[in-house]
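Engineer: make a model of this:
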Amino acid sequence: MAGGLTYTAVDSTSLSTAEIYGKALVELGREHPEVVALTADLAKSTKIGDFMKEFPERFFNVGIAEQNLLGVAAGMAKSGLVPFASTFSQFASFRAADQLHTDICYQNVNVKVIATHSGTSFGQAGSTHHAICDLAVTRSIPNLTVIVPADGVETYNAVMAAYETPGPFYIRINRGFDRVLYKDSNYGFEVGKAVTVKEGTDITVIACGSCVFQALQAAEFLEKTDGLKVRVLDMHTIKPIDKEAIQKAVFETRRIITVEDHNILGGLGSAVAEVVVDYGKACAFKKLGIPDKFAPIGLHEDIMSIVGIDSNGIIEAVREVMGKDFELDDDWDDEV
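Structural biologist: Predicted structure coming up:
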């Protein structure tokens with residue numbers, strides 16, 4: 001891993017998540033001359049301007065042409081470079097879906113797509129810029145690793161891990177400032193392994209992205225007011241998902257809620273549900289996310305509140321699931 005910068009909570013409150021990505025990319029560029037950066041006329045918005053200033057000969061603006069962005073990146077990767085291609089999540093996953101699928105993933109080339117303004121974090125820009133279906137698309141593409149960092153510190157770790165891991169990556173980050181979850185970058189980030197943010201035995205909340213902090217807030221509140229022990233998992237890697245952590249949660253807590261800034265169809269909740277079904281163990285289960293409709297327009301925090309993926313919505317959902325009756329079978333040895 002590249003040495004030098006280690007991001008702390010102070011850094012992540014003074015820098016937006018995308019800005020931390022930009023700083024991490026510069027750090028990689030200083031140590032690895034094969035790293036190049038590309039954008040589709042969004043250097044300022046995706047915060048890779050620092051890389052452009054320090055390495056102008058390794059920075060490429062392809063214009064407002066996202067299909068070209070990923071096609072060019074694929075060609076660079078085939079020539080031995082390590083391209084980091086940055087644009088908005090909605091454009092990377094939909095407008096350039098064919099290039100992501102065929103040019104990058106089908107050929108299994110070493111392109112890192114850093115998709116910003118994800119979920120409803122670009123709130124006032126409206127439904128055309130809300131990326132609420134991108135996980136459904138990206139996690140279904142073979143060879144593609146999909147990561148949704150919870151904050152700026154985790155974004156730094158994800159970017160470094162993407163460089164160190166051969167193959168295509170799709171890293172989905174928010175537009176602005178994420179609430180600080182991790183105090184520094186040395187908490188044990190590993191691709192494909194969930195982070196247990198809080199232990200618990202009554203119910204498990206599995207979240208990704210900006211919803212992880214909200215889940216932790218809800219869990220701490222419920223412990224004080226309701227006496228509930230809520231386990232919180234930061235499922236930063238949507239693919240390959242941590243099946244072991246999910247199976248352990250099913251076995252030990254028997255109740256699971258998933259929370260994501262994404263359509264309830266096809267994203268984190270669906271990925272977790274697939275693992276639960278394959279596991280063959282019964283549990284109470286609820287998905288929180290954007291209902292199967294276009295999200296309202298407004299500030300990100302207001303949208304999260306409206307659709308019930310903020311701490312208040314999670315509190316309500318936990319109480320609902322805790323009140324559900326289902327058959328308990330303490331002897332699971334006879335089950336598939």
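
Engineer: helix/strand/coil for residue 29?
Structural biologist: Assigned with DSSP: H, G, I helix; E, B strand; the rest coil, residue 29 falls in the helix class.

Engineer: gap between it and residue 83?
Structural biologist: 12 Å (CB to CB, to the nearest Å). (C-beta placed from N, C-alpha, C; glycine too.)

Engineer: between the two, who's got more neighbours?
Structural biologist: Legend: neighbour count by other CB atoms under 10 Å for residue 29 and residue 83, higher for residue 83 (27 against 22).

Engineer: hang on, the earlier thing: quick check: neighbours shared by residue 29 and residue 83?
Structural biologist: Counting by CB atoms under 8 Å, 6 or more residues apart in numbering, the residues touching both residue 29 and residue 83 are residue 37.

Engineer: now the chain, which segments are flagged as low pLDDT?
Structural biologist: Confidence mapping of the chain against pLDDT under 70 gives the ranges 1-14, 177, 326-336.

Engineer: what's the domain layout of it?
Structural biologist: For the chain, automatic domain parsing gives the domain ranges 9-172, 195-322.

Engineer: the one helix or strand residue 250 maps to - contacts with which helices or strands?
Structural biologist: Under the criterion of DSSP states H and E, residue 250 resides in helix 243-253. The contact analysis (3 or more CB pairs under 8 Å, 6 or more residues apart in numbering; DSSP states H and E) places helix 243-253 against strand 203-207, strand 230-234, strand 255-263, helix 268-279.

Engineer: and the helix or strand immediately after the longest one in the chain with strand 203-207, angle?
Structural biologist: From helix 268-279 onward toward the C-terminus, using DSSP H and E, the following helix or strand is strand 284-290. In this structure, strand 284-290 runs at an angle of 30 degrees to strand 203-207, with axes from the mean of the first three to the mean of the last three CA atoms, to 10 degrees as the basis.

Engineer: CSV for the helices and strands packed on helix 243-253, including mean neighbour count and distance to residue 101?
Structural biologist: Rendered in CSV, the data for these read as follows (neighbours: other CB atoms under 10 Å; distance: least, CB to CB, whole Å):
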stretch, mean neighbour count, distance to residue 101
strand 203-207, 29, 27
strand 230-234, 27, 28
strand 255-263, 28, 19
helix 268-279, 19, 19
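
Engineer: show me the contacts for residue 220.
Structural biologist: residue 198.

Engineer: from what I see, residue 42 and residue 85 are in contact.
Structural biologist: No - using CB atoms under 8 Å as the test, residue 42 is too far from residue 85 to be in contact (10.6 Å).
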